[in-house]
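S.K.: When you get a sec, could you give me coordinates for this:
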Amino acid sequence: MPLRRSLLAGPVLEVAPKVLGRVLRCTTDEGVVAVRLTEVEAYDGPNDPGSHAYRGQTARNAVMFGPPGFLYVYFTYGMHFCMNISAGPDGQPSAVLLRAGEIVEGADLARARRGAANGQQVKFNQSGGVKAGRSAGVLPGPVAKRPNGNPDRDLARGPARMCVALGIGRDDNGADLLSKDSHVQLLPGPGFDGEPATGPRVGLREAADWPWRFWIPGEPTVSPYRPHVPKRRA
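M.R.: Here you go, the predicted model:
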């Protein structure tokens, strides 16, 4: 069963660490993929110049202004989707950006999707299995072993990668993650009872030094930190 909505209804800086260790599970026509969330960021609406809701409500950020527990999906850099969970009381816009996770279900499908995103030609049969692989018509080969010994570390290591692995796109914006009938759900999972690591959020121009990124210490799927780099004039 999905989480209780009350768990996400508090201040976003309290909610964000509680999301660590939970499982986001998405069911599509291709099959099921689920991730254990290992890294998130908090965004606090009008109190946060880094938030999409800082300057008020728009058609794009409307989900942030609704009840907690809904999926806010946005397109960025003209090429990637990212996803958030709405948090806080209804009408007070805040959200938790989902930055990284560990694939705990549907690894084959996640690998195929990520391969397709990297230029492979991948098709699926009705049961979600891979039907065809690279342009040469062969299945994607074994994933190269990483130095940390975890071959699947990078499948959902970063917000855009996680959307690809789960099959999340624009049509999923507004999905109720806490409904038992939803195709994408936030589930209790193992949770995380320890003390999360904290640091600055990734790639922000405003409020770049606020330590509102939370992650599970020692978790290899956590994404690398990258500060915002101003664009140079030609």
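
S.K.: how far away is the spatially closest residue to residue 37 that is not a sequence neighbour from residue 6?
M.R.: Nearest residue to residue 37, sequence neighbours excluded (C-beta to C-beta, 6 or more residues apart in numbering): residue 101, at 4.8 Å. No exception for glycine: its C-beta is placed from N, CA and C like everyone else's. Note on residue 101: its distance to residue 6, by C-beta to C-beta, to the nearest Å, is 23 Å.

S.K.: Then residue 213?
M.R.: Distance, residue 213 to residue 6, by C-beta to C-beta: 24 Å.

S.K.: about what we covered before: so which of residue 101 and residue 6 has more stuff around it?
M.R.: Using other C-beta atoms under 10 Å, the more surrounded residue of residue 101 and residue 6 is residue 101, with 30 against 9.

S.K.: The more buried one contacts residue 156, correct?
M.R.: Yes. Taking contacts as C-beta atoms under 8 Å, residue 101 lies within contact range of residue 156: 4.5 Å.

S.K.: which residues do those two both contact?
M.R.: Counting by C-beta atoms under 8 Å, 6 or more residues apart in numbering, the common neighbours of residue 101 and residue 156 are 35, 162, 221.

S.K.: Could you dump those residues into CSV with neighbour count, pLDDT and distance to residue 20 added?
M.R.: Conversion of the shared contacts of residue 101 and residue 156 to CSV gives the following (neighbours: other C-beta atoms under 10 Å; pLDDT from 0 to 100; distance: C-beta to C-beta, whole Å):
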residue, neighbour count, pLDDT, distance to residue 20
35, 26, 98, 12
162, 29, 97, 14
221, 27, 96, 12
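
S.K.: Now render these as CSV, adding secondary structure and distance to residue 181.
M.R.: Shown next, in CSV, are the shared contacts of residue 101 and residue 156 (DSSP: H, G, I helix; E, B strand; the rest coil; distance: C-beta to C-beta, whole Å):
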residue, secondary structure, distance to residue 181
35, strand, 21
162, helix, 23
221, coil, 29
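
S.K.: Between the residues you listed, which sits nearest residue 78?
M.R.: Using C-beta to C-beta, residue 162 comes nearest to residue 78 of the shared contacts of residue 101 and residue 156, at 18.7 Å.

S.K.: wouldn't that closest one be in contact with residue 156 here?
M.R.: Yes. Using C-beta under 8 Å, residue 162 is in contact with residue 156, at 4.0 Å.

S.K.: shared neighbours of the two, anything?
M.R.: 35, 100-101.
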